[in-house]
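Q: Sequence first, then the predicted structure, then my questions.
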Amino acid sequence: MISPRKSTSALSLIPEERGKLLPVSTKSCESLYSNTSSSKGSGNNLFRRKNINNHQGAGGSMGRHATLIPATTEVRQRVLSARRLRMKTFQNQLVDAQQTIADLAHENRILRTLHKRQDSALAKYESTNAELPKLLHSHAEELRVWQAKYRNLQQLNKELEHKLKTKESIILTLSDQNKYYSQLNKDRNLEERQRLQEKVEKLETRLQEKDNDMKLLARRVQIETKNFKQQIMAEQKRAKEAVLKLEKARLELSGYRKLDELGDKFSTLTVGRRKPSSAEEESKLEKDLERILADEVLDDDIKDVETDFLPAAGQRALKIRSTQKSKHL
């Protein structure tokens, strides 16, 4: 049998079209094979008829040309074999030509469909509502965003790498220190170290207790100072009240003494022998007595008000002023 050649140029380019158009190619190949088989059968039938006729003619003339039969049959067979060979070559060439025609037709059909699809796609991209510029713009924008994200991630990666390097260097230094201290701990005497550690722990506990005691004492001192301040303020208030009472009593006593002195003077003036012109002097003395009494009453009221509102310095100034008045009198 003759194997048909396969067309790989168009079918390999478009795999989705291959499944649609394979049944057509298979039908064309089957028709070609049926044509070749029918042509072969017809050729074989003709060859058999010729052989039968030749055998019949040879049987009728065997008596006449008995000596020429072997030579003629051998030449005839060679001629027939040459003819059959030429016929087979022609048939093979015909089948090959038909197969190439079918493949080219199939490939042409596929290329036409592909051309139509490409034309429709190009028309869609080149129309007024061109999608290609929009797609290109969106793609460029997306690419720009991704590039910015990539730069940010690259910067973040660099920072993290730097931090990682610093952490690794710190870890290396700490590991070296740990090795050194562990070796130092192995080299030293562990019993003395244990005793010293126990002493340190005891001292730390005692120090903690002392700190707690100091805190309690400080709190107690603070409370006692607060109470002492309150007591001092109360005592100061009492002392101020006592001083005010004492000053008031002194003023009252000085007023009473002045009244006694004025009464004595008035009695001496009334009892003694005087001229009738001394009536004016008596009226003056009475006016002076009334004025002094009014001044004393006014001074007492002012002192009461000032003791309620003025501080200690004002009270002292008031005392000095009252003493000066008493001396003046």
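A: Perfect, I can see it now. Numbering: from 1, shown residues only.

Q: Give me the mean pLDDT for stretch 132-146.
A: The average pLDDT within stretch 132-146 is 86.

Q: How is this protein divided into domains?
A: Domain segmentation of the chain under automatic domain parsing yields 9-62+70-120, 199-270+282-328.

Q: Below-threshold pLDDT in the stretch 201-329 of the chain: ranges please.
A: Counting by pLDDT under 70, the stretch 201-329 of the chain has low-confidence residues at 269-329.

Q: Which parts of it are helices?
A: All helices of the stretch 201-329 of the chain, identified by DSSP state H, counting those that start in this stretch, fall at 279-309, 312-328.

Q: How about the stretch 51-200 of the chain?
A: Listed in chain order, the helices of the stretch 51-200 of the chain (DSSP H, counting those that start in this stretch) span 69-125, 131-187, 190-271.

Q: and the ones you listed, which is most packed in?
A: helix 69-125 (a mean of 13; mean count of other C-beta atoms under 10 Å). Where C-beta positions appear, they are placed from N, C-alpha and C, glycine not excepted.

Q: and that one, what other elements does it pack with?
A: Judged by 3 or more C-beta pairs under 8 Å, 6 or more residues apart in numbering; DSSP states H and E, the packing partners of helix 69-125 are helix 9-13, helix 15-60, helix 131-187.

Q: how about 6 Å then?
A: Packing partners of helix 69-125 (3 or more C-beta pairs under 6 Å, 6 or more residues apart in numbering; DSSP states H and E): helix 9-13, helix 15-60.

Q: Lowest average pLDDT across these?
A: Per-stretch mean pLDDT for these is lowest at helix 9-13 (a mean of 40).

Q: quick one: contacts for residue 74?
A: Applying C-beta atoms under 6 Å, 6 or more residues apart in numbering to residue 74 gives no contacts.

Q: so how far is residue 86 from it?
A: Distance of residue 74 to residue 86, computed by C-beta to C-beta, to the nearest Å: 19 Å.

Q: Check residue 199 too.
A: The value you get for residue 199 to residue 86, if C-beta to C-beta is used, is 124 Å.

Q: Next: residue 231.
A: Between residue 231 and residue 86 the computed distance is 150 Å (C-beta to C-beta).

Q: same check, this time on residue 243
A: Look at residue 243 and residue 86: by C-beta to C-beta, they are 162 Å apart.

Q: Likewise for residue 107?
A: With C-beta to C-beta as the criterion, residue 107 and residue 86 are 31 Å apart.

Q: again with residue 194
A: Distance of residue 194 to residue 86, computed by C-beta to C-beta: 117 Å.

Q: Repeat that for residue 203.
A: 125 Å.

Q: Over to residue 98?
A: Taking C-beta to C-beta, one finds residue 98 at 18 Å from residue 86.

Q: How about residue 169?
A: 92 Å.

Q: Residue 118 too?
A: Counting by C-beta to C-beta, the gap from residue 118 to residue 86 is 47 Å.

Q: Residue 80 too?
A: Per C-beta to C-beta, residue 80 is found 11 Å from residue 86.

Q: what does residue 163 give?
A: Applying C-beta to C-beta to residue 163 and residue 86 gives a distance of 89 Å.

Q: again, but for residue 72
A: Computed as C-beta to C-beta, the residue 72 to residue 86 distance reads 21 Å.

Q: How about residue 99?
A: Taken as C-beta to C-beta, the span from residue 99 to residue 86 is 20 Å.

Q: Equivalent analysis for residue 192, please.
A: In terms of C-beta to C-beta, residue 192 sits 119 Å off from residue 86.

Q: now residue 239
A: Relative to residue 86, residue 239 is positioned 159 Å away (C-beta to C-beta).

Q: cool, residue 139 as well?
A: Residue 139 sits 65 Å away from residue 86, going by C-beta to C-beta.

Q: repeat for residue 255
A: Residue 255 is 177 Å from residue 86, by C-beta to C-beta.

Q: Would you mind writing the CA trace of stretch 75-94 as PDB?
A: Extracted in PDB, the C-alpha atoms of stretch 75-94 (Å, rounded to 0.1, in the frame of the first residue of the first chain):
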ATOM      1  CA  VAL A  75       9.300 -12.200 -23.600                       C
ATOM      2  CA  ARG A  76       5.600 -11.600 -23.200                       C
ATOM      3  CA  GLN A  77       5.900 -12.000 -19.400                       C
ATOM      4  CA  ARG A  78       8.800  -9.500 -19.400                       C
ATOM      5  CA  VAL A  79       6.800  -7.100 -21.400                       C
ATOM      6  CA  LEU A  80       3.800  -7.500 -19.200                       C
ATOM      7  CA  SER A  81       5.800  -7.100 -16.100                       C
ATOM      8  CA  ALA A  82       7.300  -4.000 -17.500                       C
ATOM      9  CA  ARG A  83       3.900  -2.700 -18.300                       C
ATOM     10  CA  ARG A  84       2.600  -3.600 -14.900                       C
ATOM     11  CA  LEU A  85       5.600  -1.800 -13.300                       C
ATOM     12  CA  ARG A  86       4.900   1.300 -15.400                       C
ATOM     13  CA  MET A  87       1.200   1.100 -14.500                       C
ATOM     14  CA  LYS A  88       2.000   0.800 -10.800                       C
ATOM     15  CA  THR A  89       4.400   3.700 -11.000                       C
ATOM     16  CA  PHE A  90       1.800   5.800 -12.800                       C
ATOM     17  CA  GLN A  91      -0.800   4.800 -10.300                       C
ATOM     18  CA  ASN A  92       1.500   5.700  -7.400                       C
ATOM     19  CA  GLN A  93       2.300   9.000  -9.000                       C
ATOM     20  CA  LEU A  94      -1.500   9.600  -9.500                       C
END
